[in-house]
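J.: Okay, here's the prediction I keep looking at, along with the sequence it came from:
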Amino acid sequence: MAMKNINPTETKAWGKLSNHFNELKDVHLKSLFNENSNRKNDFTLNVNDFEFDYSKNRINQETIDLLVELANEVDLKSAMDAYFSGEEINQTEKRAVLHTALRSQSNNEVFVDGVNVKPEIKAALDKIEVFTNKVVSGDWKGYTNKSITDVVNIGIGGSDLGPDMVVESLKFYKNHLNVHFVSNIDGDHVQEVIKDLNPETTLFVIVSKTFTTQETLTNATTIKKWFTQSASESDVAKHFVAVSTNLEKVKNFGIASENIFPMWDWVGGRFSLWSAVGLSISLAVGYNNFKELLIGAFEMDEHFKNTPFEKNAPVILSLIGIWYTNFFEAESEVILPYSQYLSKLAPYLQQAIMESNGKSVDRNGNRVNYQTGNIIWGAPGSNSQHAFMQLLHQGTKLIPADFIGFKQSLYGDVDHHEKLMANFFGQTQALAEGKTKEEAHLDLKTQGKLDEIETLLPYKVFEGNKPSTAILIEKLTPRTLGSLIAFYEHKIFIQGIIWNIFSFDQFGVELGKELAQKNLSK
Ligand SMILES: O=P(O)(O)OC[C@H]1O[C@](O)(CO)[C@@H](O)[C@@H]1O
C-alpha cells in the first residue's frame, strides 16, 4: 500500500469545501447551536477516558462530510496502513516511521527490511526495566558505594523535550529521584544544573540519536570533565549511560558498552520518548508507570487504526485543523491545558508539530501552493487567561484553541478543581458566544455607568465565534497522558498526508547548524 501523492487543492472535495466555506464563513456559532439542540452530542467523541467535544468549531455536518471526503480522496487509509506496517514513508531519509511499534501491546510482527523489530523493542524495554529497578531501589551504586539520588538527562530537541515534558506532567507519580535536564549550548544552563549536584550520587543519561549533536556532546563533555575532577575515568561506567543509534561514537566517548541503550533509525527524535529516550521518565516514575504510558499510547493507536473516520478523534480533529488553516487562513493554534502539570506540553508540541509539518515542498518535489504547518503556542489555564487570552477574545486573529482539562484533580481538592473547570468551560463559552452590543449595554447600565455607556460600549463587545475544542479527560495518569501524546502524533501524520508533505524529516534545521560550524572554524 503506497501513499498517494495528491495535491489536496486538486481534489473534488477541496472545491466543494471552498464553496461550502463561502456559505459558512459568516455563520455564528450561536446560530449553529440554535439550529441544532443536539449539537454538543452530535459533535462529541468518546474514546476510552477521553471526551473530544468539537461542537464549538465553525463547522456543520456538511463540513465534516466534505472533510472526510477529502481524507478519502487523498487515500488516508492506505497511508495509515503504510505508517503502521513499517513502510518507508519517510522517503527523503529512506526510513520507516515506527514509533507506534515501540508501544504496541499486540503480538503482531512488524518488519523493517525483512526483520521483525518486535524482539529488539522487547529487549530494550527489558533493559530499561532492569536498570530502572536497580537505580530506584538503590542497588545501583556510585563510585563511593552510595545510591543514586539525582539523574541528569543530557539531550536536546526530541532527546530532551519529550522526556522533560512527561517527567513534569507525571510529577505526582514520581519517586525519590530528582531528575534534571540539560539541553542548551548556553554554558550557564549546565552550570546551573550541576552546581548543587553531588557526583557521587548522580547518574547522567546522555541521549542523542545521532551522537553528533553539538549541544549534547558539548554538555556531556563539560559534565564528564566536572565528574572526573573528583572521580577517576574508571568510575564513569557507574555514572554515565547513553541512548543512541551510534554505538561507535558512544563508545569513543568512553561509555561502557553495557551502559548503552539502543535507538533506531525508524524512530524520529521528536517521536522517541516511547523508546529508551524515555529512560529518564522510567527512572522518575518507575518502570510500571512508564509501561502505563506506552499502554495509553497504544490504546489511542488502536482507536486511530480501527475506527471509521467519522468517529475517529485524531482524524476528525486533524481535518478541522485543515479547515481552519486552509480555508479560514488561521496561522496558529493555541494549546491550553487546564493543569499546571502540563506546563511543558506546548513547548513539546511545538517541536513535534512544527518540525514535522513546517514544510513547503510536496511529496512530488513541487513547491506547495497552499498553507501547511501551523504555529503552535500555548500555556496552562487559568494563568493564560491573565496573560494572552485578551487577544483570543478581542483580537483580530482567528486562533483555534485546544482546551485540555481533567474531570478529577490529583490531590482531590474539590474547591480548587471546581473553580479551575468553571474557568475552562467559561472560556470556551465566552469564545464561542461572545457578548452582543445589547448585552454589553445592559451590563454597563446595571453597573451604573450611564455617562460612559456610549464611549465604553464598543470596547465591551465580544464578537464571539472563536473556535475551540474541549478535550476532557477523566484524570491525569501515565495512561491518559500516553493517549494524549499519541493523539497529537497522529494529528501530525494525518495533516502531513493531507498536505502531501513529508512529515518525518527535518532538513530545515541543517543550514543554521552548518553556518554555526563555519563561524566556529573562522
Ligand atoms: O537526538 P539527536 O541526534 O541529538 O538530535 C536532537 C534533535 O536535533 C534535531 O535533529 C534537530 O536539530 C531534532 O530532530 C532532534 O530531536
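T.: Arrived safely, thanks for sending. Residues are numbered from 1 along each chain as shown.
J.: how many other residues sit next to residue 148?
T.: For residue 148, the count of nearby residues is 23 (other Cβ atoms under 10 Å). (Glycine included, C-beta is placed from N, CA and C.)
J.: so what pLDDT did it get?
T.: Listed pLDDT for residue 148 reads 98.
J.: Next, find the distance separating it from residue 80.
T.: Using Cβ to Cβ, to the nearest Å, one gets 42 Å for the distance from residue 148 to residue 80.
J.: just residue 214 next, same as before
T.: For residue 214 relative to residue 80 (Cβ to Cβ), the value is 36 Å.
J.: So which of the two has more stuff around it?
T.: Taking other Cβ under 10 Å, residue 214 and residue 80 do not tie; residue 80 has more neighbours (22 against 13).
J.: Within the helices and strands, which one has that one?
T.: Using DSSP states H and E, the element containing residue 80 is helix 76-85.
J.: starting at the chain centroid, how far to the helix or strand just after that helix?
T.: Per DSSP H and E, the first helix or strand lying C-terminal to helix 76-85 is helix 99-102. Put simply, helix 99-102 sits 15 Å off its chain's centre (Cα atoms, centre = their mean, to the nearest Å).
J.: Ok, stretch 165-179 next?
T.: Its chain's C-alpha centre and that of stretch 165-179 lie 18 Å apart, by Cα atoms, centre = their mean.
J.: Quote the end-to-end distance of that stretch.
T.: End-to-end span of stretch 165-179 (Cα to Cα, to the nearest Å): 12 Å.
J.: likewise stretch 101-120?
T.: 11 Å.
J.: mean confidence score for it?
T.: Mean pLDDT, computed over stretch 101-120, is 96.
J.: What are the contacting residues of it?
T.: With contacts defined as Cβ atoms under 8 Å, 6 or more residues apart in numbering, stretch 101-120 is touched by 85-86, 96, 98, 121, 262, 264, 266-267, 274-275, 294-295, 297-298, 301, 482, 486.
J.: Then stretch 65-73?
T.: 6, 8, 11-14, 16-17, 20, 309-310, 315-316, 319-320, 322-323, 494, 498.
J.: Tell me the buried residues within these.
T.: Neighbour-count burial (16 or more other Cβ atoms under 10 Å) applied to the contacts of stretch 65-73 gives 6, 8, 11, 13-14, 17, 20, 309, 315-316, 319-320, 322-323, 494, 498.
J.: which ones among these are found in helices?
T.: The helices, defined by DSSP state H, take in 13-14, 17, 20, 315-316, 319-320, 322, 494, 498 from the buried ones among the contacts of stretch 65-73.
J.: Of these, which is the nearest to the ligand?
T.: Closest approach between those and the ligand, by Cβ to the nearest ligand atom: residue 494, at 20.2 Å.
J.: Can you verify my assumption that the closest one contacts residue 77?
T.: No - in this structure residue 494 lies outside contact range of residue 77 using Cβ atoms under 8 Å: 11.1 Å.
J.: Residue 305 contacts residue 84, doesn't it?
T.: Yes - judged on Cβ under 8 Å, residue 305 makes contact with residue 84 at a distance of 6.1 Å.
J.: Those two: which has the busier surroundings?
T.: Using other Cβ under 10 Å as the criterion, residue 305 and residue 84 rank with residue 84 on top: 18 against 14.
J.: and the ones in helices among the buried ones among the contacts of stretch 65-73 as JSON lines, adding distance to residue 248?
T.: What follows is those, written out as JSON lines (distance: Cβ to Cβ, whole Å):
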{"residue": "13", "distance to residue 248": "49"}
{"residue": "14", "distance to residue 248": "48"}
{"residue": "17", "distance to residue 248": "51"}
{"residue": "20", "distance to residue 248": "56"}
{"residue": "315", "distance to residue 248": "42"}
{"residue": "316", "distance to residue 248": "45"}
{"residue": "319", "distance to residue 248": "44"}
{"residue": "320", "distance to residue 248": "46"}
{"residue": "322", "distance to residue 248": "43"}
{"residue": "494", "distance to residue 248": "37"}
{"residue": "498", "distance to residue 248": "40"}
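J.: nearest residue to the residue in the stretch 301-450 of the chain that the ligand sits nearest to other than its sequence neighbours?
T.: Closest to the ligand within the stretch 301-450 of the chain is residue 355: 5.8 Å, counting by Cβ to the nearest ligand atom. Leaving aside its sequence neighbours, residue 355 sits nearest to residue 506 (Cβ to Cβ, 6 or more residues apart in numbering; 5.0 Å).
J.: circling back: mind listing residues that contact the helix holding residue 80?
T.: Applying Cβ under 8 Å, 6+ apart, the contact partners of helix 76-85 are 1-4, 89, 97, 100, 110-111, 301, 304-305, 309, 315, 493-494, 497-498.
J.: Are any of those buried, and if so which?
T.: 3, 89, 97, 100, 110, 301, 304, 309, 315, 493-494, 497-498.
J.: Show me the two of those that sit farthest apart.
T.: Using Cβ to Cβ, the two most remote members of the buried ones among the contacts of helix 76-85 are 110 and 498, lying 24.8 Å apart.
J.: what comes up buried for stretch 176-196?
T.: In stretch 176-196, counting by 16+ other Cβ under 10 Å, buried: 177-183, 190, 193-194.
J.: Indicate whether it makes contact with the ligand.
T.: No - Stretch 176-196 lies apart from the ligand when judged by Cβ under 6 Å from any ligand atom; the minimum separation is 9.3 Å.
J.: which phi and psi does residue 210 have?
T.: Backbone torsions for residue 210, taken as degrees, to the nearest 10, come to phi -90, psi -20.
J.: my guess is it meets residue 243, correct?
T.: No - Residue 210 lies out of contact with residue 243 (Cβ under 8 Å); the separation is 11.4 Å.
J.: the more surrounded of those two?
T.: Neighbour count, other Cβ under 10 Å: between residue 210 and residue 243, residue 243 has more, with 29 against 15.
J.: How about the backbone phi and psi for that one?
T.: For residue 243, the backbone dihedrals (degrees, to the nearest 10) come out as phi -120, psi 120.
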